[in-house]
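[1] starting from these lines, generate the structure:
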Amino acid sequence: MKMMRKSIIVVISFLMILSLWECLSSLHRDLLFILPAPSKIVTAIWIRYDLFTFHTLATLRVMVLGFLVAFSTAFPLAYAMMHWMPVSLVLQPLFVIVQCIPMFALGPLMVLWFGWSLTAIVMPTALMIFFPLTLSIYKGLLATPTEFLDFFRVNQASAWQTFLKLQLPWALPHIFSGIRISAAIAGIGAIAGEWAGAQKGLGVLMLESRRAADLEMAFGALLCLSVISLALYTLTSTLEKAFQAPKRGKRRFVKGILTLLIMLLLPGCHGYQKHSNEVRLTLDWLPNPNHLPLYVGIEKGFFQDENIKLSILKVRDPADGLPLVATGQVDLTVNYMPQTLRTASRGADVVVVATLVRIPLNCLICRRDSSILTPSDFQGKTIGYSASGVEKAFLDGMMHSQGITLKEKRNVCYDLVTALATRQVDAIYGGYWNIEVPQLQALGVDVNVFKLEDFGVSSYPELIIVGNKQALRNRSYFADRFRRALQKAIDYCCAFPDEAFEVYVKANSNKSAKTLLWEHQAAALTFQTFAREQKVDLDQVQVLKNWLADHGLLSGRVDINELFEGLCVAGS
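    Alright, predicted model coming up:
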């Protein structure tokens, strides 16, 4: 009776919290940008249940594989620590060090070390749960009472018999305790791995939705992650009880669990494998209308006609692209002209292969109802910028050139839209006038835009395709073939904009109808920005290079002719 009353109280409390949440989200419009109503979250899951099911299963496989890797390593190490004291003295401090490393910081390094593989995604999960699991097993194996061990020795039991008949059964409560902890935190490691380099999973869906300001989808992914973590925790508790059941029932239950694990793991026991002749290209950002020609070129066979098997990979941090190219993890990356010049000045062996967007898209965006009407009005204001050292340095150079002193430059990571919509900053820098402006307008925020030319920055190609110079030298005429295919794709996009956008929608099924609505408007603005031909004006680039050097943004010499080998035209 008491248990029933407690359950009723818990249910009523939960419903009251949900009702309060729903009311607050409806009454306060700004909460739509940070905390959508529960009804909208559930509706998003219901409408796109197929999408959520697909990504949930992908994350569940990563969690289970991570646990299996951690357990298969933890058990032998715990056994060795129990038998040999030097092993324990060496390993325990090492475990603490590993546990202190933030998995979200380690995730991107996994991609650099292991490439786009299942290993890079699973390792953060395995490392996250390895420490508590190993120590739980170790403490369990040491928990056997001394008198029982003496009894087995007196009766001349072998070490193996003592382990199987006494120490292991006695350690089971500790082992299951470690497994329960692992089940509860495995999701954190899985998300860290997926944020770093996965192409599917709840972490991918969560990040893409949040950066598109589609918080219903983001919270839906978070809810699914919570559900599978709770389900795994419940499963381990049930499994522990099953080991206390009669032998016949125990065997049936364990067989059922093993069958379920095999069904989960078999479809996901492969990672991203590079095929022969495949060209891997990473985007500069999550897929958006700036990347339309790349998807069109693949779908319409323009790259295939040039014997290029192009594969597009998504990255979570724009700063990852150039290091991945420099280390040979990928062949090409979409990147920005200022960042490429700065990277080349540091000695990176990179070369510009093609041009995607021919004019600057970066800009300063402020709310229309603010007091900012001219560039000089930024004096004493707070500007939010994305988490890039180049962005901050570029912003400093722009303000310095106009004699403007800001009140504060605030790092808002990549939540530029949310920061401006909720009035946390007066303006944002790092957004694109063809992407973030339609997005903000779709959210009901009217804005003013100040382009870079308003601050004395000359025009330059915003988005370029960059490759590893040494790798491209080993591919005869690859750059020429890639440029031809890309320009055909660009020309197709400009000639058939609606068909091109349909190709993009087909290739990016993660996007919700709400996101695609404003992205269609963004695409209409973007078509006019694509490269008209695969050439770069050397004089334009030289002016930008000089501007960067004058503001201390270049750390060394840049040879423009070498950087744009085969792609330049001198003068306008």
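[2] go through this structure and flag its longest helix.
    If each helix of the chain is counted by residues according to DSSP state H, the longest one is helix 49-83.
[3] buried stuff in that one?
    Residues of helix 49-83 classed as buried: 51-52, 54-67, 69-71, 74-75, 77-79, 81-82 (neighbour count, 16 or more other C-beta atoms under 10 Å). Every residue, glycine included, has its C-beta placed from N, CA and C.
[4] buried set for stretch 491-508?
    Buried, per 16+ other C-beta under 10 Å, within stretch 491-508: 491, 492, 493, 497, 500, 501, 503, 504, 507, 508.
[5] helix, strand, or coil at residue 534?
    What DSSP: H, G, I helix; E, B strand; the rest coil gives for residue 534 is coil.
[6] how near is it to residue 459?
    Distance, residue 534 to residue 459, using C-beta to C-beta, to the nearest Å: 17 Å.
[7] those two - which one has more neighbours?
    Higher neighbour count among residue 534 and residue 459: residue 534, with 21 against 15, using other C-beta atoms under 10 Å.
[8] can you pull the phi/psi pair for the more buried one?
    phi -90, psi 70 (degrees, to the nearest 10).
[9] residues near the closest residue in space to it that isn't next to it in sequence, how many?
    Excluding its sequence neighbours, the residue lying closest to residue 534 (C-beta to C-beta, 6 or more residues apart in numbering) is residue 483, at 4.1 Å. Other residues near residue 483 come to 21 when the count uses other C-beta under 10 Å.
[10] let me know the pLDDT of residue 483.
    On the pLDDT scale, residue 483 is placed at 92.
[11] packing partners for the helix or strand hosting residue 516?
    Here residue 516, judged by DSSP states H and E, is contained in helix 513-526. Counting contacts by 3 or more C-beta pairs under 8 Å, 6 or more residues apart in numbering; DSSP states H and E, helix 513-526 packs against helix 436-442, helix 497-507.
[12] which other residues reach the shortest one?
    For helix 436-442, the external contacting residues (C-beta atoms under 8 Å, 6 or more residues apart in numbering) are 212-213, 365, 416-417, 420-421, 428, 431, 446-447, 449, 514, 517-519, 521-522, 525.
[13] list only buried entries from those.
    If we count by 16+ other C-beta under 10 Å, the contacts of helix 436-442 have these buried: 212-213, 365, 416-417, 420-421, 428, 431, 447, 514, 518-519, 521-522, 525.
[14] just those now: which is nearest residue 11?
    If you rank these by distance to residue 11 using C-beta to C-beta, residue 514 comes first, at 31.9 Å.
[15] list the contacts of that closest one.
    Residue 514 makes contact with 214, 216, 442 under the criterion C-beta under 8 Å, 6+ apart.
[16] the bottom helix or strand of the chain by mean pLDDT?
    Sorting the helices and strands of the chain by mean pLDDT, DSSP states H and E puts helix 247-265 at the bottom, at a mean of 53.
[17] so how far is the helix or strand following that helix from its chain's centroid?
    Under the assignment DSSP H and E, the closest C-terminal helix or strand after helix 247-265 is strand 278-282. Remark: strand 278-282 is offset 18 Å from the chain centroid, using C-alpha atoms, centre = their mean, to the nearest Å.
[18] could you do stretch 466-475 as well?
    The chain centre lies 27 Å from the centre of stretch 466-475; the measure is C-alpha atoms, centre = their mean.
[19] want to throw the helices and strands packed on helix 513-526 into a markdown table with distance to residue 559 and mean pLDDT?
    Formatted as a markdown table, the helices and strands packed on helix 513-526 follow (distance: least, C-beta to C-beta, whole Å; pLDDT from 0 to 100):
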| stretch | distance to residue 559 | mean pLDDT |
| --- | --- | --- |
| helix 436-442 | 34 | 92 |
| helix 497-507 | 36 | 94 |
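[20] a markdown table for these, including distance to residue 552?
    As requested, the helices and strands packed on helix 513-526 are exported to a markdown table (distance: least, C-beta to C-beta, whole Å):
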| stretch | distance to residue 552 |
| --- | --- |
| helix 436-442 | 27 |
| helix 497-507 | 39 |
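[21] closest to residue 89 out of these?
    Closest of the helices and strands packed on helix 513-526 to residue 89 is helix 497-507, at 53.9 Å (criterion: C-beta to C-beta).
[22] report the angle between the closest one and helix 513-526.
    Put simply, helix 497-507 runs at 140 degrees to helix 513-526, going by axes from the mean of the first three to the mean of the last three C-alpha atoms, to 10 degrees.
[23] can you name the next helix or strand after the helix holding residue 516?
    Assigned by DSSP H and E, the successor of helix 513-526 is strand 536-537.
[24] what's the average pLDDT for that next one?
    What strand 536-537 shows for mean pLDDT is 84.
[25] let me know the secondary structure of the residue nearest in space to the middle of the chain.
    In the chain, the C-alpha nearest the mean C-alpha coordinate belongs to residue 195, at 2.9 Å (C-alpha atoms, centre = their mean). Secondary structure, three-state DSSP: residue 195 is helix.
[26] and it, how far from residue 360?
    For residue 195, the distance to residue 360 - C-beta to C-beta - is 29 Å.
[27] what does residue 166 give?
    72 Å.
[28] who has more neighbours out of the two?
    More crowded of residue 166 and residue 360, by other C-beta under 10 Å: residue 360, with 23 against 17.
[29] wait, that one sits on residue 457?
    Yes. Between residue 360 and residue 457 there is a contact under C-beta atoms under 8 Å: 7.2 Å.
[30] still on that earlier bit, return the member of the buried ones among the contacts of helix 436-442 nearest to residue 225.
    Nearest to residue 225 among the buried ones among the contacts of helix 436-442: residue 212, at 18.4 Å, using C-beta to C-beta.
[31] lovely, talk soon.
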